[in-house]
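Chemist: Sequence first, then the predicted structure, then my questions.
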Amino acid sequence: MRAVIWIAEGTWEGCVDRAGAMLTESAEVTLVHVSPTDVEELAAHGGARLLGRHPPPPPGPPLRAIAEEEAHALLEAARARLGRPADVVARRGKIEREVLDVCADADLLILARDGELRLGPKSLGPRSRFVLDHAPCQVLLVWPDPPPGIDSIKLPPHLR
Amino acid sequence: MSEAVALVVLGGCLLAAIARWRWAPDWAVAAVGALLLVALGVLSASGARAAIKQLGPTVGFLAALLVLADGCRRAGMFDALGAFMAAGSRGRPDRLLAMVFLVAAGTTAVLSLDATIVLLTPIVFATAARLQTNPRPHVYACSHLANSASLLLPVSNLTNLLAFHASGLSFTRFSVLMALPWFAALLIEWLILRASFAGDLQRSALRAARVMDQPELPWFALGVVALTLAGFVLSSPLGIAPVWIAAGGAAVLALRVRPRPVDVVRAAEPTFLVFVLGLGVVVQGASQHGLSSAVDALLPHSTTLLALLAVAGISAVVANLLNNLPATLIIVPVVAASGPGAVLAMLVGVNVGPNLTYVGSLATLLWRRIVHAHDHETDVGEFTRLGLRTVPPILVVSTLALWLALQVV
């Protein structure tokens, strides 16, 4: 079985722990992280928003280099935490599209809830919601932290 | 005929600035356009001279502020701010966002939106990346505050500088009147960004163990900026034009960090200054031939709350249709007749309006969509949705706050 674990900032530790506990010995594991190029673009080339201005890029390492370095550090930390052999894939681009692309020939995708810490639709962010809805394989959706209690469900007033 | 020529030249300048063609740089198109209007007799030579004379101090002021911000960067201020934000976050994403708000609002108010967009936003991205947290909420916040936090001081935005002279207000009175609208804008941005990124911000544990380089705070640069600000406040009572205060601050900092002369010239972005002057002359030509009366017919001529709301709303729309710099050049002379309240309401519109899109105006966005239709890399949806959630309430509440300030102060 080929399993993909989606490594994302803020949720990866819990996601790796749950995945490690649930995966069988024989599973081939791939860890994937995606750096969103649109945020990097907005931060690096914001000057293009200013009519008539053509500022030179500030000195120092380009943002792309920082993003790539941190993505690799994150993936290596995740591999170490998983404690078993795994391939690592660092992608750049539109997050949800890249994750789905890596899942194209996988049997299982493991991802974490990355939204609000209460039961309900908002416990998934827009990107993980898209991936969940479009995944071309089986999906294991985990709470990266202990799941909130049943009383965190927001009920409409007449049902409270 | 003159009317059509003036509008075509103005359209050409805006198109060149939006399209950023290599073969027709915007500053050259604006300069040639201005000369063309004079050569064709659309604008008299004396009219062009008057426009340049009127814009001169503002462009000088702008150049001094750009050099001052560059001096701060050379002194290491922005790297130090990055370390300050990382340390202040104490390992929590929501605190990091609060630090980004504090630093971005302060940088924008004092060193202008240009400094926030060009110098601070990359630092915010790098800081979030180094702390291994999702950079999106923090970069979006910084990007939004560059516009919405630029309401406070006359130096916070080029649009403010352009309107400042026309408003007839002193530096201090301008800032006192805009304090409440500025604070209202920050509050709304905070509430909506917090809610929009609740998931990311609730996550615990940034990589706090990560040792961030703690560069020494650039006290000299901070002192120069503080003294420059104090100088602005005292400029009106002392009868000194604020441009000299800004030039003094920039010069003192340059003496300390000792950039090469060519770097000082580069920091002042001469092509940008030429573009602003050229565009100012072209707008003057178009205004004399019908544009002013058209705008005049569109805008209300009083300072009631409803009139101020209309001025802010229309200015936001025009800023999105044309970009905020030409929008300000066109609207300022018309609203100045209604008094400083209307000028400040226009600033609420042209400063906050650009947050609707990630490129600063619908016109620019449309152009990019047409030219780069194949380019799927940019994810404009989320930024635009955030803009749609923040811009309308800020326009309304900040204008209301401005109206209140006008009644009280």
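Modeler: Yes, it's here. Residues are numbered from 1 along each chain as shown, chains lettered A, B, ... in the order given.
Chemist: Which neighbouring elements make contact with the one helix or strand in chain A whose mean pLDDT sits lowest?
Modeler: Across the helices and strands of chain A, the lowest-confidence element by mean pLDDT, DSSP states H and E is helix A:37-44, at a mean of 90. For helix A:37-44, the elements it packs on are helix A:63-82, helix B:121-130, helix B:136-148, judged by 3 or more Cβ pairs under 8 Å, 6 or more residues apart in numbering or on different chains; DSSP states H and E. (Each C-beta comes from the backbone N, C-alpha and C, glycine too.)
Chemist: list the contacts for the spatially most central residue of chain B?
Modeler: Central residue of chain B (Cα atoms, centre = their mean): residue B:157, 3.6 Å from the mean position. Contact analysis of residue B:157 by Cβ atoms under 8 Å, 6 or more residues apart in numbering or on different chains lists B:112, B:113, B:150, B:151, B:347, B:351.
Chemist: Now do the contacts for the fifth one.
Modeler: I take that to be residue B:347. If a contact means Cβ under 8 Å, 6+ apart, then residue B:347 has B:151, B:157, B:159, B:160, B:163, B:178, B:315, B:328 as its contacts.
Chemist: and the nearest residue to the last one once chain neighbours are set aside, how many residues sit next to it?
Modeler: Which is residue B:328. Leaving aside its sequence neighbours, residue B:328 sits nearest to residue B:159 (Cβ to Cβ, 6 or more residues apart in numbering or on different chains; 4.3 Å). Neighbour count for residue B:159, taken as other Cβ atoms under 10 Å in any protein chain shown: 27.
Chemist: and the angle from the helix or strand encompassing residue B:159 to helix B:136-148?
Modeler: Take DSSP states H and E as the rule and residue B:159 turns out to sit in helix B:158-167. Going by axes from the mean of the first three to the mean of the last three Cα atoms, to 10 degrees, helix B:158-167 is angled at 20 degrees with respect to helix B:136-148.
Chemist: ok, now which ones touch residue 142?
Modeler: No chain was given, so I picked chain A. Contacts of residue A:142 (Cβ under 8 Å, 6+ apart): A:14, A:15, A:18, A:19, A:110, A:111, A:112, A:113.
Chemist: Actually, chain B is the one I wanted.
Modeler: A:43, B:100, B:104, B:116, B:120, B:121, B:124.
Chemist: change it to 7 Å
Modeler: For residue B:142, the contacting residues are B:100, B:104, B:116, B:120, B:121, B:124, by Cβ atoms under 7 Å, 6 or more residues apart in numbering or on different chains.
Chemist: mind checking how far it is from residue B:336?
Modeler: Distance of residue B:142 to residue B:336, computed by Cβ to Cβ, to the nearest Å: 32 Å.
Chemist: returning to what we had before: please export the C-alpha coordinates of the least confident helix or strand of chain A as CSV.
Modeler: Extracted in CSV, the C-alpha atoms of helix A:37-44 (Å, rounded to 0.1, in the frame of the first residue of the first chain):
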residue,chain,number,x,y,z
THR,A,37,3.8,30.4,-4.3
ASP,A,38,1.1,33.0,-4.2
VAL,A,39,1.9,34.1,-0.7
GLU,A,40,5.6,34.2,-1.6
GLU,A,41,4.8,36.2,-4.7
LEU,A,42,2.7,38.7,-2.7
ALA,A,43,5.5,39.2,-0.2
ALA,A,44,8.4,39.3,-2.7
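Chemist: Check the offset of it from the chain's centre.
Modeler: In terms of Cα atoms, centre = their mean, to the nearest Å, the centre of helix A:37-44 is found 17 Å from the chain centre.
Chemist: same check, this time on stretch B:39-47
Modeler: 30 Å.
Chemist: how about it: buried residues?
Modeler: Neighbour-count burial for stretch B:39-47, counted by 16 or more other Cβ atoms under 10 Å in any protein chain shown, picks out B:42, B:43, B:47.
Chemist: Could you pull up the residues touching the residue nearest to residue B:328?
Modeler: For residue B:159, the contacting residues are B:324, B:325, B:328, B:347, B:350, B:351, by Cβ under 7 Å, 6+ apart.
Chemist: ok, 10 Å please
Modeler: B:113, B:147, B:150-151, B:315, B:319, B:324-325, B:327-329, B:331-332, B:346-347, B:349-351, B:354 (Cβ atoms under 10 Å, 6 or more residues apart in numbering or on different chains).
Chemist: Thought residue A:12 was touching residue A:76, still the case?
Modeler: No - counting by Cβ atoms under 10 Å, residue A:76 does not reach residue A:12; the two are 11.6 Å apart.
Chemist: shared neighbours of these two, anything?
Modeler: In contact with both residue A:76 and residue A:12: residue A:31, using Cβ under 10 Å, 6+ apart.
Chemist: What residues sit buried inside the helix or strand of chain B with the lowest mean pLDDT?
Modeler: Each helix and strand of chain B was given a mean pLDDT (mean pLDDT, DSSP H and E); the minimum falls on helix B:362-371 at a mean of 77. Of all the residues in helix B:362-371, those buried under the rule 16+ other Cβ under 10 Å are B:362, B:363, B:364, B:365, B:367, B:368.
Chemist: of these, closest to residue B:7?
Modeler: Within the buried residues of helix B:362-371, distances to residue B:7 taken as Cβ to Cβ reach their minimum at residue B:363, with 15.0 Å.
Chemist: Which elements pack onto the next helix or strand after the least confident helix or strand of chain B?
Modeler: For helix B:362-371, the succeeding helix or strand toward the C-terminus, using DSSP H and E, is helix B:380-408. Helix B:380-408 is packed against helix A:37-44, helix A:126-134, helix B:136-148, helix B:171-196, helix B:305-322, helix B:340-352, helix B:362-371, with contacts defined by 3 or more Cβ pairs under 10 Å, 6 or more residues apart in numbering or on different chains; DSSP states H and E.
Chemist: So residue B:366 versus chain A, what's the distance?
Modeler: 14 Å (Cβ to the nearest Cβ, to the nearest Å).
Chemist: same question, residue B:370
Modeler: Applying Cβ to the nearest Cβ, the value for residue B:370 to chain A is 16 Å.
Chemist: Residue B:41 too?
Modeler: From residue B:41 to chain A the distance is 27 Å (Cβ to the nearest Cβ).
Chemist: Secondary structure class of that residue, three-state.
Modeler: Under DSSP: H, G, I helix; E, B strand; the rest coil, residue B:41 falls in the coil class.
Chemist: where does chain A have low pLDDT?
Modeler: A:160 (pLDDT under 70).
Chemist: want to throw the contacts of residue B:157 into TSV with pLDDT?
Modeler: Listed next are the contacts of residue B:157 as TSV, based on pLDDT from 0 to 100:
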residue	pLDDT
B:112	93
B:113	93
B:150	96
B:151	97
B:347	97
B:351	96
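Chemist: Between the residues you listed, which sits nearest chain A?
Modeler: Proximity of the contacts of residue B:157 to chain A, judged by Cβ to the nearest Cβ, is greatest for residue B:113, which lies at 7.9 Å.
Chemist: quick one, what contacts the closest one?
Modeler: By Cβ under 10 Å, 6+ apart, the contact list for residue B:113 reads A:46, A:49-50, B:104, B:107, B:120, B:145-150, B:156-160, B:324, B:351, B:354.
Chemist: swap the cut-off to 7 Å and go again
Modeler: Residue B:113 touches B:146, B:147, B:150, B:156, B:157, counting by Cβ under 7 Å, 6+ apart.
Chemist: Pick the one among these closest to chain A.
Modeler: residue B:146 (7.6 Å).
Chemist: Is residue A:30 located within a strand, as I assumed?
Modeler: Yes - under three-state DSSP, residue A:30 sits within a strand.
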